[in-house]
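**Student:** Based on what follows, work out the 3D shape:
(chains A and B)
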Amino acid sequence: MFKDQISKPIIELRSISKSYGKLAVLKEVDLKIYQREVTCLLGHSGSGKTTLMRIASSLARPDFGQVIKNGDPRFAYVFQSPRLLPWQTAEENLLFVQKNYGLSKEKKLRDLLFEIADLAGFRKAFPAQLSGGMQQRLELIRAFAVKPDLVFLDEPFKSLDLQTKFNLRQLLDVIQQQSKTTLFLITHDPEAALLLADRIYFLAKEQGITKEIVINIPRSSRKISSPQISTYLEEIIDEFTDLVDQTNYQLDNLKELF
Amino acid sequence: MKNFIIKPFWLLLAFLIFIWIKAASRVNSLVLPSVQEVAQALKQLASSGVLWQSFLITIERTLAAYLLAVLFGIILALLLYRFKLLEQTLRPFLTIIQATPPVVWASLAVVWFGVADNLTPIFLIFIVSLPVIFVNLYQGLTDIDEELVEMARAYSTPEIRIIKAIYLPSLLPALVSALSIAFAFAWKASVFAEFIASSSGIGYQLSLANSMLATDRLFAWTIILILFMLFVEYYLLEKLKARVGRWKNV
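**Tutor:** Residues are numbered from 1 along each chain as shown, chains lettered A, B, ... in the order given. Now for the predicted structure:
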């Protein structure tokens, strides 16, 4: 991370609001995604993380507010559950998106991606022939096959077993280190956020971004047990427990009813 | 064909033929003709040219009306899927058409078109197969995975490629099943219409055999009808299904 890069957001969200019917999901949220950084968005369920990401990635429009892009960045996506074309092989799935950007001749890139995702033997396999973890890895490398400027990842580690989660996190880490691609990642998992992110935002329901943490420790030397990371972890847990306190308060009200 | 029909089927078939032989030897051949008599009738039909001629006429009518129903069924499904108002307006009518027994349509066709050689069978086949094509295809359309479409759009895929790479492959299984079910309907409707209101085709030959109490010929024609349906179902359509479902049953 260098100063000049910090000063240049690739995407800037300005007082974004969005509601579904009468339900206000986002209220005047501000957020910046900086070039070459890994940005993590944490928050409890229902805080509007996915909605915010969909707006940032042009999959949805805000009711109010602005999405300011720096230039014309190429986006790629890793969806929560893999969205692979079931009638196309693993390699065809990569080609499908590459073609849209005139990259179908980038065989070397595909070779490399299949190699690091440990899928080299499965290029001709259909998604149904792959395990859940393999499908998730394929979903991940497809994003990088289009040489993106920014990859959006919506809880890619959710509902994965521990080992698969660890592998996927490591794979993401390796590809990002090599390609220096900007990542915007939603996660529930503070640990994953602390190990991967350069910047962590905490989104609270109806309150917008309540916390921003910038982590200035090189990723390779981060350990969950190290004092600095632990401090960050506590800060994040505090954010979550604030919400728990609110819930407890409501529980007290509930008790009175009985 | 041997890939699709399993051994126990042949065993059961042999058993049934055995029962047929045994039973035929005990009753009048008007009630149940013997295997030899049916074979003889088949041979005679083939050598006189009636078999081939009637078969071709029936096939021609069936295919013409069936293809018409397929075309209209596809167009209807696409239109009703695309326009909600049209769906709400027309859907009940299609259900009514489907709920009306074929015999009613056949009677009406006779009233409307008379004992018309082509028109009555073609009308009946069309009206019977159209809802089948429509219902299956419409279901296929509603089953399209919108999340895949969103993914493709997110990656700036041109609409024409979305249609080719997502809509069509999603629809193919539904289309194949629609084609398969509708063909069985069309084939039966065709023979039925010819039976009551035509002077040519397999159905007409059946009615002729029936009125002359030629049970052996009735059996012979039935065997031909069944064999052809089996050929379509287990050979032609299986080939198509195998191609379409390549990615599914791997």
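**Student:** out of everything not next to it in sequence, what's closest to the one residue in the stretch 101-250 of chain A that gets nearest to chain B?
**Tutor:** In the stretch 101-250 of chain A, the residue that lies nearest chain B is A:F126 (4.4 Å; Cβ to the nearest Cβ). For every residue, glycine as well, the C-beta is placed using N, CA and C. Excluding the flanking residues, the one nearest A:F126 by Cβ to Cβ, 6 or more residues apart in numbering or on different chains is B:W247, at 4.4 Å.
**Student:** burial of the one you found, as a residue count?
**Tutor:** 17 (other Cβ atoms under 10 Å in any protein chain shown).
**Student:** likewise A:L26?
**Tutor:** A:L26, neighbours per other Cβ under 10 Å, totals 25.
**Student:** which residue ranges form the helices in chain B?
**Tutor:** B:7-24, B:35-48, B:50-82, B:84-99, B:102-113, B:119-142, B:146-154, B:159-162, B:168-197, B:202-211, B:215-231, B:237-244 (DSSP state H).
**Student:** Any chance of JSON lines for these, columns mean pLDDT?
**Tutor:** Listed next are the helices of chain B as JSON lines, based on pLDDT from 0 to 100:
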{"stretch": "helix B:7-24", "mean pLDDT": "90"}
{"stretch": "helix B:35-48", "mean pLDDT": "91"}
{"stretch": "helix B:50-82", "mean pLDDT": "92"}
{"stretch": "helix B:84-99", "mean pLDDT": "91"}
{"stretch": "helix B:102-113", "mean pLDDT": "88"}
{"stretch": "helix B:119-142", "mean pLDDT": "92"}
{"stretch": "helix B:146-154", "mean pLDDT": "94"}
{"stretch": "helix B:159-162", "mean pLDDT": "93"}
{"stretch": "helix B:168-197", "mean pLDDT": "89"}
{"stretch": "helix B:202-211", "mean pLDDT": "91"}
{"stretch": "helix B:215-231", "mean pLDDT": "91"}
{"stretch": "helix B:237-244", "mean pLDDT": "79"}
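**Student:** So which of the ones you listed is the most surrounded?
**Tutor:** Highest mean neighbour count of the helices of chain B: helix B:119-142, a mean of 23 (counted as mean count of other Cβ atoms under 10 Å in any protein chain shown).
**Student:** can you pull up the bridge partners for the residue most central in space within chain A?
**Tutor:** Nearest to the centroid of the C-alpha atoms of chain A, with distances taken as Cα atoms, centre = their mean, sits A:L185, at 1.5 Å. Beta-bridge pairing of A:L185 under DSSP bridges involves A:C40, A:L153.
**Student:** before we move on, back to that, okay but the residue of the stretch 101-250 of chain A closest to chain B is in contact with A:N93, surely?
**Tutor:** No. The pair A:F126 / A:N93 is not scored as a contact, 9.3 Å apart, by Cβ atoms under 8 Å.
**Student:** Looking at the two now, which is surrounded by more residues?
**Tutor:** A:N93 (25 against 20).
**Student:** mind checking which helix or strand that one is in?
**Tutor:** helix A:90-99 (DSSP states H and E).
**Student:** Would you mind giving the helices of chain B as JSON lines with distance to A:R219 added?
**Tutor:** Below are the helices of chain B laid out as JSON lines (distance: least, Cβ to Cβ, whole Å):
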{"stretch": "helix B:7-24", "distance to A:R219": "62"}
{"stretch": "helix B:35-48", "distance to A:R219": "81"}
{"stretch": "helix B:50-82", "distance to A:R219": "49"}
{"stretch": "helix B:84-99", "distance to A:R219": "51"}
{"stretch": "helix B:102-113", "distance to A:R219": "71"}
{"stretch": "helix B:119-142", "distance to A:R219": "46"}
{"stretch": "helix B:146-154", "distance to A:R219": "28"}
{"stretch": "helix B:159-162", "distance to A:R219": "38"}
{"stretch": "helix B:168-197", "distance to A:R219": "41"}
{"stretch": "helix B:202-211", "distance to A:R219": "77"}
{"stretch": "helix B:215-231", "distance to A:R219": "65"}
{"stretch": "helix B:237-244", "distance to A:R219": "47"}
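**Student:** These: which one's closest to A:N167?
**Tutor:** helix B:146-154 (22.8 Å; Cβ to Cβ).
**Student:** Now for the residue nearest to the centre of chain A: which residues touch it?
**Tutor:** A:38-41, A:153, A:156, A:193, A:196-197 (Cβ atoms under 8 Å, 6 or more residues apart in numbering or on different chains).
**Student:** Considering the residues you listed, which is situated nearest to A:S131?
**Tutor:** Among the contacts of A:L185, and counting by Cβ to Cβ, the member closest to A:S131 is A:P156, at 15.6 Å.
**Student:** Just the buried residues of whichever helix or strand comes after the helix holding A:N93, please?
**Tutor:** Downstream of helix A:90-99, the first helix or strand assigned by DSSP H and E is helix A:107-116. Counting neighbours by 16 or more other Cβ atoms under 10 Å in any protein chain shown, one finds that the buried residues in helix A:107-116 are A:109-110, A:112-114, A:116.
**Student:** who's in contact with helix A:107-116?
**Tutor:** Outside helix A:107-116, the residues within contact range by Cβ under 8 Å, 6+ apart are A:90-91, A:94-95, A:98, A:103, A:120, A:122-123, A:141, A:144-145, A:147, A:171, A:174-175.
**Student:** Could you confirm whether the helix holding A:N93 reaches chain B?
**Tutor:** Yes. With Cβ under 8 Å from any Cβ of the partner chain as the measure, helix A:90-99 is seen reaching chain B through A:96-97, A:99.
**Student:** thinking again about what came up before, so the residue nearest to A:F126 touches A:A125, yeah?
**Tutor:** No. With contact defined as Cβ under 8 Å, B:W247 does not reach A:A125; the gap is 10.0 Å.
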